[in-house]
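In: Turn this into a model:
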Amino acid sequence: MRSRLFALGTALALGLITAGCASTPSGSDGAEDTRIQVENNHPLLVNVEAVAGGVDYRLGQVETADTQVFTLPDNVDSTYDLHLRVDPVGSAAVYVSDEILYTVGDLIRVQVESNLNVTTVTVR
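Out: From the prediction side, this is the model:
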């Protein structure tokens, strides 16, 4: 009897572990992420931030002549006014985009230029 209970308990535990492995990762509801691709053609390293709903979200840095892809944080709702801020390290100049209209799952492409005034943002 004791061995049957042990076997049943082991089977139940394995079933729960397997079910846990098959679940959606925490922090994600299974929806597609919104990605931000930043191509840096500026001569300096740049810091990239998303500004949404009055809150700044640091996305990361992009080296000169490099491209990085960042994921917009899950808690940024697509109904917020989204702007991107590009701040070259060691420079007083800062680029802030106009409001970006997007839906969840879009790819937002930012092409940072030497002259920040001609930096472009497109949504796919």
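In: How much space separates residue 77 from residue 122?
Out: According to CB to CB, to the nearest Å, residue 77 stands 21 Å off from residue 122. All C-beta spots, glycine's among them, are computed from the backbone N, C-alpha and C.
In: my bad, should have said residue 49
Out: 19 Å.
In: again with residue 89
Out: 25 Å.
In: show me where pLDDT drops low in the chain?
Out: 1-31 (pLDDT under 70).
In: The residue nearest to the spatial centre of it bridge partners, please.
Out: Centrality entry for the chain: nearest residue to the mean C-alpha point is residue 71, 1.3 Å, by CA atoms, centre = their mean. On the basis of DSSP bridges, residue 71 is bridged to residue 35.
In: That one contacts residue 35, correct?
Out: Yes. Using CB atoms under 8 Å, residue 71 is in contact with residue 35, at 5.8 Å.
In: helix/strand/coil for the closest residue to residue 52 other than its chain neighbours?
Out: Of all residues not flanking residue 52 in the chain, residue 80 sits nearest, at 4.0 Å (CB to CB, 6 or more residues apart in numbering). At residue 80, secondary structure determined by DSSP: H, G, I helix; E, B strand; the rest coil is coil.
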